[in-house]
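Participant: This is a predicted model, with the sequence first.
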Amino acid sequence: MTKRRIWTFISLLFIVPVGFYSKFYAGPAAHWVNNSLGGLFYEIFWCLLAFLIFEDKPGIIAISVLIVTCCLEFLQLWHPPFLEFLRSYFIGATILGSTFTWLDFPYYFAGCGIGWLWMKILSIED
């Protein structure tokens, strides 16, 4: 296992609990943290996970994650029974989302930007 993969795995061990915590946070600005800021951590997570698997091309990974998650956001406008079934579970709702909002897109862009920067920093390690 390369140093880059080790540091990427450690990064995932950090970002996963932060992301889940953002869904359960109950302090000041909880609605914003739960529903908006969490999208930023969601994007970073997917960038790092793809980087762990592919370990190359941070720019392509960040753009791909952004495109896929933007498509998932638009998919929230569609409510067929099979998607509603998946969304009825926590992990399904976390991955697929349930309510479309244009306000999520800035967090997706920021999260992918931070994810790209994070991957670039991890690339320096090798």
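Facilitator: Thanks, I have the structure now. Residues are numbered from 1 along each chain as shown.
Participant: show me where pLDDT drops low in the chain?
Facilitator: 125-126 (pLDDT under 70).
Participant: Go again with 90.
Facilitator: For the chain, residues meeting the criterion pLDDT under 90 lie at 1-2, 23, 35, 55-56, 79, 83, 90-99, 124-126.
Participant: element containing the residue most central in space within it, please.
Facilitator: What sits nearest the mean C-alpha location of the chain, by Cα atoms, centre = their mean, is Tyr42, with 2.0 Å. If you go by DSSP states H and E, Tyr42 is part of helix 38-54.
Participant: I'd like to know which elements that helix is packed against.
Facilitator: For helix 38-54, the elements it packs on are helix 3-24, helix 58-75, helix 105-124, judged by 3 or more Cβ pairs under 8 Å, 6 or more residues apart in numbering; DSSP states H and E. To be clear about C-beta, it is placed using only N, CA and C from the backbone, and glycine gets the same treatment.
Participant: any idea which of the ones you listed is most buried?
Facilitator: helix 105-124 (a mean of 18; mean count of other Cβ atoms under 10 Å).
Participant: what's next to it, contact-wise?
Facilitator: 4, 7-8, 11, 36-37, 39-44, 46-48, 51, 58-59, 61-63, 65-66, 69-70, 73 (Cβ atoms under 8 Å, 6 or more residues apart in numbering).
Participant: May I have it exported as CSV, CA atoms only?
Facilitator: Provided in CSV are the C-alpha atoms of helix 105-124 (Å, rounded to 0.1, in the frame of the first residue of the first chain):
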residue,chain,number,x,y,z
PHE,A,105,-25.2,23.2,-5.8
PRO,A,106,-22.8,25.7,-4.3
TYR,A,107,-22.0,23.2,-1.6
TYR,A,108,-21.4,20.5,-4.2
PHE,A,109,-19.0,22.8,-6.1
ALA,A,110,-17.2,23.9,-2.9
GLY,A,111,-17.0,20.3,-1.7
CYS,A,112,-15.5,19.1,-5.0
GLY,A,113,-13.1,22.1,-4.9
ILE,A,114,-12.0,21.1,-1.4
GLY,A,115,-11.8,17.5,-2.4
TRP,A,116,-9.7,18.3,-5.4
LEU,A,117,-7.3,20.4,-3.2
TRP,A,118,-7.2,17.6,-0.6
MET,A,119,-6.3,15.1,-3.4
LYS,A,120,-3.6,17.4,-4.7
ILE,A,121,-2.1,17.7,-1.2
LEU,A,122,-2.2,13.9,-0.8
SER,A,123,-0.5,13.6,-4.2
ILE,A,124,2.5,15.6,-2.9
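Participant: Thanks a lot, catch you later.
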